[in-house]
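Enquirer: Here you go, sequence then predicted model.
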Amino acid sequence: MTYLINLECPQCEQSFSAITAQTYCHDCQSPILARYDLVSAKNRLDRDEYSTSQAGMWRWHDLLPVDNTGRISTLGEGDTPLIQTKRMGKSDRTNQVWIKDESINPTASFKARGLSAAVSKANEVGLNQLVIPTAGNAGSALAAYASRVRLKSAAVMPIDTPRAIIDECRFYGAETILVDGLISDCARIVDEMVESGEWFSVSTFREPYRLEGKKIMGYELAQAFEWQLPNIIIYPTGGGTGLVGMWKAFQELLELGWLEDKNLPKMISVQSSGCAPVVEAFNSGAESCDFWKNAETIAGGIRVPLSLADRLILEILRESAGRAIAVSDLEILEAQAELAREEGLFSSPEGAATLAAYNLLTSSGFITPDDRTILFMTASGVKYI
């Protein structure tokens, strides 16, 4: 069974049913979040049983939003390796830097987690045509998981999306629409498709369940470190689903009583200097982000001018005593080469941005050699060749 109760707006606390299709809180222009009966779960679930259950994201089914397991669309996503680095962060006393390698997920990116959850819930509530605006990887993930359960999919993406991803979407059978513009321009086309009444959007935070798939990264980290959390998590931020999802996971783990201590990580949001709305808002003390005009960066996955979850992202960064940091495209390219040369990992530009941020934060003294630090390699660099 799932312990899912309902959905809730974190701004106005309005409740929404979890047994019908939902989008977001139109009153607050805020994402809505899945809420679970964690009191009952705490009394009935044993955290140690999850180490011996089936592999993959769906072994956490009790804390995911799908009740009918026959409706789940899965390709074996989750349980990605946590690789301790050989050279980065190494001092005379310790080596405390790990890379969470999300590139081995189906469709070679972390987007598989969120789209597995979203497509599975859509399948459970009876939706059959799903559309997404995407920088690339989310589109191919939607296409793969939709085809798995015979749902129709459409991906609307910028025309400069890597050719390999465009072809991948088409092979999975998705209607693939190329747009001369940014993901925000793609989103407007998706809105028109939704208004026609034929399509349901699984755009970032415009439905509540991609977040639930991404939160499992937080559960996996806690389990990997024997129910203690790292000191620092560095995460590339476009829409921010993974960052918000992991923070949600940590709150749930606290309520479940599964953590050995209550010290939560400092969350670091990394963006490109060519598209840094979160960084600008964080540094100015603003509670929300402004739309970033003329966004431009080689890291297409974080070329997101504005996220619907901007307020949540900023709240998390401040609550965790974290940071928002921008890195240049040159720094991203140098970090991508460093990851490959020094650690044998070929990362997407977005994942490499986390190493670029790590280098800057260690130079400034914000990260020390004793800090247990996690960098997220969100996708394979092979897809960008």
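Expert: Cool, got the structure.

Enquirer: what about the most centrally placed residue in the chain, which SS state?
Expert: The residue lying closest to the centre of the chain (CA atoms, centre = their mean) is Gly242, at 2.7 Å. Per DSSP: H, G, I helix; E, B strand; the rest coil, the secondary structure class of Gly242 is helix.

Enquirer: Skipping adjacent residues, who's closest to it in space?
Expert: Nearest non-adjacent residue to Gly242, counting by CB to CB, 6 or more residues apart in numbering: Lys214, 4.6 Å away. C-beta coordinates here come from the backbone N, C-alpha and C atoms, glycine included.

Enquirer: Make sure that neighbour is actually in contact with Arg113.
Expert: Yes. Using CB atoms under 8 Å, Lys214 is in contact with Arg113, at 5.4 Å.

Enquirer: more crowded one of those two?
Expert: Between Lys214 and Arg113, counted using other CB atoms under 10 Å, Arg113 has the larger neighbour count: 29 against 25.

Enquirer: and Gly114, how many neighbours?
Expert: For Gly114, the count of nearby residues is 29 (other CB under 10 Å).

Enquirer: actually Asp27, not the one I typed
Expert: Counted with other CB under 10 Å, the neighbours of Asp27 add up to 10.

Enquirer: Give me the pLDDT for the residue nearest to the centre of the chain.
Expert: We have a pLDDT of 97 for Gly242.

Enquirer: The protein - how does it break down into domains?
Expert: Domain segmentation of the chain under automatic domain parsing yields 4-71, 82-109+208-384, 111-201.

Enquirer: can you count the residues close to Leu180?
Expert: Just to correct that, residue 180 is Asp rather than Leu. Neighbours of Asp180 using other CB under 10 Å come to 8.

Enquirer: what's the answer for Gly197, then?
Expert: Using other CB under 10 Å, Gly197 has 8 neighbouring residues.

Enquirer: What strand or helix carries it?
Expert: Assigned by DSSP states H and E, Gly197 belongs to no helix or strand.

Enquirer: which residues does Thr20 contact?
Expert: Going by CB atoms under 8 Å, 6 or more residues apart in numbering, Thr20 touches Val125.

Enquirer: Going along the chain from whatever helix or strand Leu333 lives in, find the next helix or strand for me.
Expert: Assessed by DSSP H and E, Leu333 sits inside helix 329-343. Downstream of helix 329-343, the next assigned helix or strand under DSSP H and E is helix 349-363.

Enquirer: and that next one, what does it pack onto?
Expert: Identification of packing neighbours for helix 349-363 by 3 or more CB pairs under 8 Å, 6 or more residues apart in numbering; DSSP states H and E yields strand 232-236, strand 266-272, strand 323-327, helix 329-343, strand 373-377.

Enquirer: okay, those in JSON lines with mean pLDDT, distance to Leu130 and mean neighbour count next?
Expert: Shown next, in JSON lines, are those (pLDDT from 0 to 100; distance: least, CB to CB, whole Å; neighbours: other CB atoms under 10 Å):
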{"stretch": "strand 232-236", "mean pLDDT": "98", "distance to Leu130": "24", "mean neighbour count": "27"}
{"stretch": "strand 266-272", "mean pLDDT": "98", "distance to Leu130": "28", "mean neighbour count": "27"}
{"stretch": "strand 323-327", "mean pLDDT": "98", "distance to Leu130": "31", "mean neighbour count": "25"}
{"stretch": "helix 329-343", "mean pLDDT": "96", "distance to Leu130": "31", "mean neighbour count": "18"}
{"stretch": "strand 373-377", "mean pLDDT": "97", "distance to Leu130": "25", "mean neighbour count": "28"}
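
Enquirer: Distance to Ala222 added to the ones you listed, as TSV?
Expert: Putting the helices and strands packed on helix 349-363 into TSV (distance: least, CB to CB, whole Å) gives the following:
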stretch	distance to Ala222
strand 232-236	12
strand 266-272	15
strand 323-327	22
helix 329-343	24
strand 373-377	11
